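S.K.: Sequence plus predicted model, see below.
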Amino acid sequence: MTETTTRPAGLGAQTRTLLRRALEVYGDSPQASGWLNHHLERFDEPLRLAIAGKVKAGKSTLLNALVGEEIAATDAGECTRVVTWYQDGPSPRILLHPRQGPPRQLRTRRTDHGGLVVDLEGEDPTAVDRLTVDWPSSGLRTTSLIDTPGIASLTADTSERASQFLTPDEAPSQADAVLYLMRHLHSADARFLESFHDRHVARATPVSTIAVLSRADEIGAGRLDAIDSARRIAGRYRTDEKLSALCQTVVAVAGLVALSGRTMRQEEFLGLRGLAALPPDVTEALLLSADRFVNPPDSLRDRLGSDVPDASSRDALLKRMGVFGVRTSIAALRDHAPDAAQLSTELVAASGLDELREVLATQFGERRDLLKARSALLAVELVLQREPRPAGTSLAADVERIFAGAHEFAELRLLAALRAKSVPLPADAREEAERLIGGHGSRPPARLGLDPEADAGAQQVAVVDALTRWRRRAANPVSGRATVDACTVVVRSCEGMLSRLAQ
């Protein structure tokens, strides 16, 4: 008789089983069972990504750029004071969920360019719990986006609403992960990121947060190298010990340029082409300032041809793409004369949006089940705290067992420790350990530092080499307990990769 070995259930399966057991225990409690059912269903939903930041950080603009359509209000209207969920749906629909009473549907209206107009129709924003916007979009099929009010807003209620959604006092956040936008690292930004880690119930880790240096084109005053300057600053932030312990990474993005690239209009392309046809000294003189671009002196206005957009159109261009977007477009049109579609693609690439989307895919998309399991386990903990029962002791032990024993959580804990530099490893070893446990992406090529298209043979050679090296380090008799524990986690990660590659 051949002996078979049963592989342990994955983290997602273990968590689902625990939720179902908890539902059996709390089946007679409508509030508890509703909460647990919600988290069981949440496993099958798209990832929930909240976009947070201070007022004027560019949250709604970046959300629109990620979706590729203008569906979030970017002005300082009443809708920006309300938490708004954007999710994929068969047709456009807006639901207003009041703090008291049933939800009601709002009228759906579009702008002349097809964007969405959200109007509370006289409802007091303080009486609204949230808005839910259904919008047919491929960009929302795998990730639901949640636009939050500005933190550190002049209106105390608005700021408190954002904080309560993102860092509730006694419950895990409704978001699986957070995209935190900042124009530069302000003390208020650091305090907010720290608030994720101040609450024991959150069991926060830097892996659930990505920081974005937003409005990156403004850092270089709209120069052609503005994004490069912003990327260098983001790189310095990534190596900052305090910040790296609070977020997964820092990415520089010019949201306005990304949005204009994804929603380029024909009249805008023609206007940019007219500007590109001007002598370089004229455009340089025009772009010395935003005011000069819209209202040039008479000596400069006389040199503008009939193909150059008028003052109101130039003003609209600035509002749509900023000085950097106009400069980048003119340079591209002069260099190789792209058509409208090609120019759109180049603007998106220049904005840093592609890099952000790649980071979201590797850091959040690939960790979807892990992030949702974490939220579900925290939900079970909350129920056990609020409604203690004799049968809850076993459930609590299983929650702790999963948190302590699941290798995915061990990787997160080690990642946080490595970034806080609390593990005594040489810098090169610490960097390799961070990569091997998924700090740069959870797929084997990213962990092994290989090209994404590397074949299985190359991956296997690399993982065997890494496994040998880290087993040797773990067995080193002079290594302390913290170092051995860290090496053991890295070894398990390598063994897991080797096992998957052998299948």
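M.R.: All right, it came through fine.
S.K.: Thought F324 was touching A254, still the case?
M.R.: Yes: assessed by Cβ atoms under 8 Å, A254 is found in contact with F324 at 6.2 Å. (C-beta placed from N, C-alpha, C; glycine too.)
S.K.: how close does A416 sit to A486?
M.R.: Using Cβ to Cβ, to the nearest Å, A416 is found at 12 Å from A486.
S.K.: Quick check: closest non-adjacent residue to A474.
M.R.: For A474, ignoring the flanking residues on the chain, the nearest one in space by Cβ to Cβ, 6 or more residues apart in numbering is C487 at 3.6 Å.
S.K.: which helices and strands sit right next to the helix or strand where that neighbour lies?
M.R.: Assigned by DSSP states H and E, C487 belongs to helix 481-502. The elements that helix 481-502 packs onto, with contact taken as 3 or more Cβ pairs under 8 Å, 6 or more residues apart in numbering; DSSP states H and E, are helix 407-419, helix 427-436, helix 444-448, helix 456-474.
S.K.: Output the contacting helices and strands for the third one.
M.R.: Right, helix 444-448. helix 427-436, helix 456-474, helix 481-502.
S.K.: hmm, back to that, identify the contacts common to A254 and F324.
M.R.: Residues touching both A254 and F324 (Cβ atoms under 8 Å, 6 or more residues apart in numbering): D217, A226, I227.
S.K.: Who are the contact partners of the second one?
M.R.: Which is A226. Shown in contact with A226 (Cβ under 8 Å, 6+ apart): A216, D217, E218, I219, G220, A254, F324.
S.K.: OK, contacts around the fourth one?
M.R.: When contacts are counted by Cβ under 8 Å, 6+ apart, I219 touches H184, L213, A226, S229, A230, I233, A252.
S.K.: Out of the residues you listed, which is nearest to L371?
M.R.: L213 (23.0 Å; Cβ to Cβ).
S.K.: Backbone dihedrals for that closest one, both of them.
M.R.: Main-chain dihedrals, L213, degrees, to the nearest 10: phi -80, psi 90.
S.K.: again with L106
M.R.: The phi and psi torsions at L106 (degrees, to the nearest 10) take the values phi -100, psi 160.
S.K.: Next, find the distance separating it from A349.
M.R.: Using Cβ to Cβ, L106 is found at 36 Å from A349.
S.K.: Check A65 too.
M.R.: 13 Å.
S.K.: Of those two, give the one with the bigger neighbour count.
M.R.: Counted by other Cβ atoms under 10 Å, A65 and A349 do not tie: A65 has more neighbours, with 29 against 16.
S.K.: Which strands and helices lie in contact with the longest helix along the chain?
M.R.: The helix spanning the most residues in the chain, taking DSSP state H as the definition, is helix 311-336. Packing partners of helix 311-336 (3+ Cβ pairs under 8 Å, 6+ apart): helix 255-262, helix 266-276, helix 290-294, helix 340-351.
S.K.: now the second one: mean pLDDT?
M.R.: It stands for helix 266-276. When pLDDT is averaged along helix 266-276, the result is 94.
S.K.: so how far is it from its chain's centroid?
M.R.: Distance of helix 266-276 from the chain centroid (Cα atoms, centre = their mean, to the nearest Å) equals 33 Å.
S.K.: Excluding its own residues, what touches that helix? List them.
M.R.: For helix 266-276, the surrounding residues in contact (Cβ under 8 Å, 6+ apart) are 260, 283, 286, 305, 307-309, 313-314, 317, 320, 326, 329-330, 333-334, 340, 343.
S.K.: Walk me through the domains of this structure.
M.R.: The chain breaks down by automatic domain parsing into domains covering 47-254+353-365, 259-351, 421-502.
S.K.: returning to that earlier point: ok, A416 and A486, which is more surrounded?
M.R.: Applying other Cβ under 10 Å to A416 and A486 shows that A486 carries more neighbours, namely 28 against 18.
S.K.: residues contacting that one?
M.R.: Shown in contact with A486 (Cβ under 8 Å, 6+ apart): L414, A417, L418, V423, L425, A433.
S.K.: Could you rerun that using 10 Å?
M.R.: Contacts for A486 (Cβ atoms under 10 Å, 6 or more residues apart in numbering) come out as 410, 413-414, 417-418, 422-425, 429-430, 433, 437, 470, 473-474, 479-480.
S.K.: returning to what we had before: quick check: neighbours shared by A416 and A486?
M.R.: Common neighbours of A416 and A486 (criterion: Cβ under 10 Å, 6+ apart): S422.
S.K.: mind listing the helices for the stretch 1-150 of the chain?
M.R.: Shown for the stretch 1-150 of the chain, the helices assigned by DSSP state H, counting those that start in this stretch span residues 11-25, 30-42, 59-67.
S.K.: and the longest one, what other elements does it pack with?
M.R.: When contacts are defined as 3 or more Cβ pairs under 10 Å, 6 or more residues apart in numbering; DSSP states H and E, helix 11-25 sits against helix 30-42, helix 368-386, helix 392-405, helix 407-419.
S.K.: tell me the contacts of the residue most central in space within the chain?
M.R.: By Cα atoms, centre = their mean, the mean C-alpha position of the chain lies nearest to L179, the distance being 3.5 Å. By Cβ under 10 Å, 6+ apart, the contact list for L179 reads 49-53, 59, 62-63, 66, 145-146, 209-212, 214, 247, 251, 253, 356, 359-360, 364.
S.K.: Try it again at 6 Å.
M.R.: By Cβ atoms under 6 Å, 6 or more residues apart in numbering, the residues touching L179 are L49, I51, I210.
S.K.: Can I have the buried ones of the contacts of helix 266-276 as a ChimeraX selection?
M.R.: Per 16 or more other Cβ atoms under 10 Å, the buried members of the contacts of helix 266-276 correspond to this ChimeraX selection:
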select :260,283,286,308,309,313,314,317,320,326,329,330,333,343
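S.K.: which sections of the stretch 51-200 of the chain are below the confidence cut-off?
M.R.: Applying pLDDT under 70 to the stretch 51-200 of the chain picks out residues 75-79, 113-114, 152-159, 169-172, 187, 195-200.
S.K.: again, 80 this time
M.R.: Residue ranges of the stretch 51-200 of the chain with pLDDT under 80: 73-80, 111-115, 151-173, 184-200.
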